[in-house]
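Undergrad: got a sequence here, can you model it:
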Amino acid sequence: MLNNWLKIAFINYKKNWLSTIINLFGLTIGLTGFMLILMHWNDEESFEKWNPKKDDIYYFQTYNKKENSYGNNISIPIANRAKVVIPGVEDYVLFKSSGMGFKITTKNRTFYQEGGMNVSDNFFEFFPFKLVDGSFKNALKGGGDIALSTTAAKNLFGKTNVAGESLKFNNKNFVVTAVYELPKENSQIKPEFLLKPVEPMKNDENQWGNFSYGCFFMLKKDADLEQIRQKFIKDIFLYRASLDKDSSGMTPQQYLDLYGPTDSLLTPLDEIKLHAKASWFGPVDFKTLMILFTLSVLIVILSAINFINLKTAQASQRAKEIGVRKAIGSTKTNLVLQFLIETFLICMASYLLALALTELLLPSFNKFYDKEMVMNDWHIYFYSFAMVLMVTLISGLIPATYLSNFKAIETLKGNFARSKHGVWLRNGILTLQLIISSFFIIGGLIVNQQVKYMMNKDLGYSGKQIMMINFSEENPKPWLKYERLKNEMRKIQGVTDISYGEAVPGNGRSSDSNMDYMDKSIQAQHGSMDYNYLKFINVKLKKGRWLDSKLASDTMSNVLVNEAFVRKFGWTDEEALNNSFHPGFDYQKDYHIVGIVKDFNIRNLKTTIEPIVFFHYRETDWKRFDVYNIQLKIDSNDIDGTVKRLKTYWQNNVEQGYPFDYYFLDQKFAKTFEKYQKQQTLFTILNAMVLMVALLGLFALSSLMIEQKLKDVAIRKTLGASDKTLIFGLTKQFLWITLIAVIISIPISYYLMNEWLKDFAYRIDMPVLPFVLSLVVLLLLTFSVVSIKAYKATKVNLVKYLKYE
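TA: Numbers count the residues shown, from 1 in each chain. Predicted coordinates for the structure are as follows:
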């Protein structure tokens, strides 16, 4: 029996070769896209799975209700108190300054080693890396202890058995206590060397407001996350607020509501990459991944729709076969199984082709996402094969059930064509297919317009020809280093101007604190800078004046603010210029606003412009120690030559043995668009795939349906109908279906794309053009595809179809 079913299947594949190829092509494309996105998701989910303690380790984040924002930092007193007063907390580990780099000297060589991290001494209890040499016990107890990865040990000593060896950097000697091997599996936590900042941590032990550390908590096995969250609010945040209530004149709850944080969040270690609200280790973008995965599933559904449509359209060809088989005793179950096997064979062939195509496309996909994925995970094969089985059931069971329900007497009499059930099924499924196609067209056009809008938006500053060089070498007085270089580097040919700014567009580095005025308080970014910095990057002055180096007060208590700062306080420009405030970093004196600058974007266009206060770096005792770069404006006529001269000068006279760490401001900010440009590219590719699959399915379906109407065409033509009338008559049904599908898709697309646009602080208004274009494009494509076959139908041989009439 099975042998006969297979013979019949291959006869039908050959007989309907066009629909067979289209089904194979559509399912192969759909499954390939599904597998690639599934591999990407699986890779993102695999981070930190190597850690045997992952189920007990949680990443700490804070929430500020007033600002509606999440933070990823903690202060040492908060972490200490959590361990003491919250029963479910067993221990914690602190970290900061990830990605540090130093010029390290050993007895063998001097090497600039990057990738360092400051951590508390129990780090290895949370992250049990493989020990290669030395001991993890007390490895980071002292301020002169350092642990190295095998890579760092080889860079510095040429070998890995170096426990007990000495090295030196920043004029301080260190002893290697342990050498460890980093996990080969995916991990965001891969430090090349580890230090404990003993003195800074000792100084911060009582600084409740110093949120400069990241933190992992190890919880007890029976810990209740909700109870821990409530404990954080009641016993830690409110306790911290009560310490300051007397000086502020507010109740603890009022203080907490004003300054925050108001809540906490604990994310499991192995979910940080995709599910953390704020992460120390990089951006989190689960929403985009879900969008891509959903779109890939929609393409598979489109392929399944093609299958269902083509199978039901071929029903008339199989009607007599089914009638004969039912007449000689075949059961409905046998018929359903036969059609399911026919479907499974196509799906299985598509699956094998998709595996091969995925392997071919994987290098390009890896390059696109900067990954090294390989097809060696059973999850990929399991879930993709499960999708094949699901497609087999969906696209096989519907037409199989439909075909097996034919009545033997009716089909043998030739009355099958009179039934309307098949027509309704095909039309309904075709409508669904066109709804999905319409959504892809609308969505693709809106994504394209949003990305274009972001690329062309006035950022409020100009970063062209501005080169920023980061200081890599530690310096006890970095502001003096900047001031010396400012005078010396002016003499280099091609340098037209020099300045310094802390809040640099695109670099992601920032610091902030509360700014208080009477009973109001806001959070604002610090913008310590040289006097000319805002003019240097072409920021516009809206009201007041610039800072002036000739006025002593401009290095003591005068500041500039942006428009967002003024809006946040609810002031008019005139009120702002007449007011003073107390910043959280200096409550001892009043700071006076002497100028208001136009808003400019230092992060990206997805986030709103934050309040910023600009002041000279010498204005506070501690900000001058944070000077970390020098920025140079370069003559556009000789950029390459000037960069070479600057590099030579820097490496010979400024930081010998350190990398020349520089970038141009406009290029750096442009990198903030890369994510959305990739989304645009992927949406375009998926759009092309969807339209290709949908139109090929439409072509095959219309071919089959028009072939069933050739006798009607012959009769109409004999009665004098013109070719134009016949073509329109044959395409009219498909055009109506397309129109209905687009009308249904418009509200769905509007809602979904509006939700996507809500993520952007600076977004386009919902455009009308994509909805109109979707209708026009799909009508034109439908007419073009169907009219090709309709035109051929008008050239039928009348004698062939009318000789028995």
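Undergrad: Ile104 belongs to a strand, doesn't it?
TA: Yes. Ile104: assigned to a strand according to DSSP: H, G, I helix; E, B strand; the rest coil.
Undergrad: what's the closest non-adjacent residue to it?
TA: Phe169 (4.6 Å; C-beta to C-beta, 6 or more residues apart in numbering). Using the backbone N, CA and C atoms, a C-beta is placed for each residue, glycine as well.
Undergrad: residue contacts, that neighbour?
TA: Shown in contact with Phe169 (C-beta atoms under 8 Å, 6 or more residues apart in numbering): Phe102, Lys103, Ile104, Thr105, Glu474.
Undergrad: any idea how far Leu682 is from the second one?
TA: In this structure, Lys103 and Leu682 are separated by 41 Å, where distance is defined by C-beta to C-beta, to the nearest Å.
Undergrad: kindly report the same for the first one.
TA: Applying C-beta to C-beta, one obtains 40 Å for the distance of Phe102 from Leu682.
Undergrad: repeat that for the last one.
TA: When C-beta to C-beta is applied, the distance between Glu474 and Leu682 equals 43 Å.
Undergrad: neighbour count for these two, which is higher?
TA: Remark: of Glu474 and Leu682, Leu682 carries more neighbours, 20 against 13, as counted by other C-beta atoms under 10 Å.
Undergrad: for the strand or helix carrying the more buried one, name the packing helices and strands.
TA: Here Leu682 sits within helix 674-707, counting by DSSP states H and E. Counting by 3 or more C-beta pairs under 8 Å, 6 or more residues apart in numbering; DSSP states H and E, the packing neighbours recorded for helix 674-707 are helix 17-45, helix 286-313, helix 421-456, helix 723-757, helix 769-793.
Undergrad: buried stuff in that helix?
TA: 676, 679-680, 682-683, 686-687, 689-691, 693-707 (16 or more other C-beta atoms under 10 Å).
Undergrad: ok, now stretch 472-485?
TA: For stretch 472-485, a neighbour-count test (16+ other C-beta under 10 Å) marks Ser472, Glu473, Pro478, Trp479, Lys481, Tyr482, Glu483, Leu485 as buried.
Undergrad: quick one: which of these is nearest Tyr112?
TA: Distance to Tyr112 across these (C-beta to C-beta) is lowest for Ser472, with 7.5 Å.
Undergrad: on the three-state scheme, the closest residue in space to that closest one that isn't next to it in sequence is what?
TA: Leaving out its chain neighbours, the residue that sits closest to Ser472 by C-beta to C-beta, 6+ apart is Tyr658, at 4.2 Å. What three-state DSSP gives for Tyr658 is coil.
Undergrad: and the gap between Tyr658 and Ile630?
TA: Tyr658 sits 14 Å away from Ile630, going by C-beta to C-beta.
Undergrad: check Ile236 too.
TA: 41 Å.
Undergrad: also Phe47?
TA: 36 Å.
Undergrad: now swap in Pro183 and tell me
TA: Using C-beta to C-beta, Pro183 is found at 38 Å from Ile630.
Undergrad: which of those two has more residues huddled nearby?
TA: Between Pro183 and Ile630, counted using other C-beta under 10 Å, the more crowded position is Ile630 (23 against 17).
Undergrad: bridging residues for the more buried one?
TA: Ile469 (DSSP bridges).
Undergrad: when you give positions from now on, start the count at 31
TA: All right, first residue 31 from here; so that's Ile660.
Undergrad: shouldn't it be in contact with Asp527?
TA: No. Counting by C-beta atoms under 8 Å, Asp527 is not a contact partner of Ile660; they are 11.5 Å apart.
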